[in-house]
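S.K.: just need the structure, nothing else, for what follows:
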Amino acid sequence: MIIIGHQWVESPKFHKVYTQAEIEKCATNEIALLEPLNQTHDQAKYCQDNAIPYAVIANTITDAVFANALGATYIVCKYDDATMLHPIAQEYLFDTNILVLLQECNTKEITKVARSGIDGIIFPEAIIS
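M.R.: The predicted structure is shown next:
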């Protein structure tokens with residue numbers, strides 16, 4: 001299970017970006033975090049074309065399918081959305097990992113995500129606005 005943003009585990013920072021210029025300013029050890037693809041498909045394509053690792057916020061199957069097709073490293077979503085997206089990702093062998101955004105380090109929530117077989121979790125501490 002991937003764990004991002006917890007103090008015990010070294011992990012990359014996710015930098016919220018809204019423009020190509022902001023993507024270009026991301027450090028090489030950061031992941032560009034895009035809003036849903038209906039607003040950011042041009043930025044996603046730019047990241048794909050330039051081999052820039054990025055994540056996208058997704059809450060629909062369509063967004064997840066396109067995020068994977070556009071080479072997103074991660075999809076970030078709520079638990080309920082992740083349980084809907086995970087079987088699709090498994091069926092189509094997504095290269096993109098699905099991360100559930102957890103607001104706090106809660107062992108019950110971490111266990112729930114792990115038992116669901118979802119790829120990982122991300123805490124807000126990993127996200128730079």
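S.K.: what is the burial count for the closest residue to Ala89 other than its chain neighbours?
M.R.: The shortest distance from Ala89 to any non-neighbouring residue, by CB to CB, 6 or more residues apart in numbering, is to Ile98 (5.9 Å). Where C-beta positions appear, they are placed from N, C-alpha and C, glycine not excepted. Using other CB atoms under 10 Å, Ile98 has 29 neighbouring residues.
S.K.: helix or strand for Ile98, which one?
M.R.: Ile98 is located in strand 97-101, with elements delineated by DSSP states H and E.
S.K.: helix or strand right after that strand?
M.R.: Counting by DSSP H and E, what follows strand 97-101 is helix 107-116.
S.K.: between strand 97-101 and that following helix, find me the angle.
M.R.: 160 degrees (axes from the mean of the first three to the mean of the last three CA atoms, to 10 degrees).
S.K.: can you tell me what sits against the helix or strand that helix 107-116 is followed by?
M.R.: On the C-terminal side of helix 107-116, the closest following helix or strand by DSSP H and E is strand 120-122. Strand 120-122 is contacted from outside by 1-5, 14, 74, 76, 97-102, 110, 113, using CB atoms under 8 Å, 6 or more residues apart in numbering.
S.K.: go on, stretch 14-28?
M.R.: Outside stretch 14-28, the residues that reach it (CB under 8 Å, 6+ apart) are 4-5, 13, 30-35, 40, 42-43, 46-47, 52, 54-55, 76, 122, 126-129.
S.K.: can you give me the end-to-end span of that stretch?
M.R.: The separation between the terminal residues of stretch 14-28, taken as CA to CA, to the nearest Å, is 11 Å.
S.K.: and for the closest residue to Asn97 other than its chain neighbours, the neighbour number?
M.R.: In space, Asn97 comes closest to Asp119 once its chain neighbours are excluded; the distance is 4.0 Å by CB to CB, 6+ apart. Applying other CB under 10 Å, we find 20 other residues in the vicinity of Asp119.
S.K.: please apply the same query to Leu99.
M.R.: By other CB under 10 Å, neighbour count at Leu99 equals 26.
S.K.: contacting residues around it?
M.R.: For Leu99, the residues meeting the contact criterion (CB under 8 Å, 6+ apart) are 2, 4, 55, 74-77, 82, 118-122.
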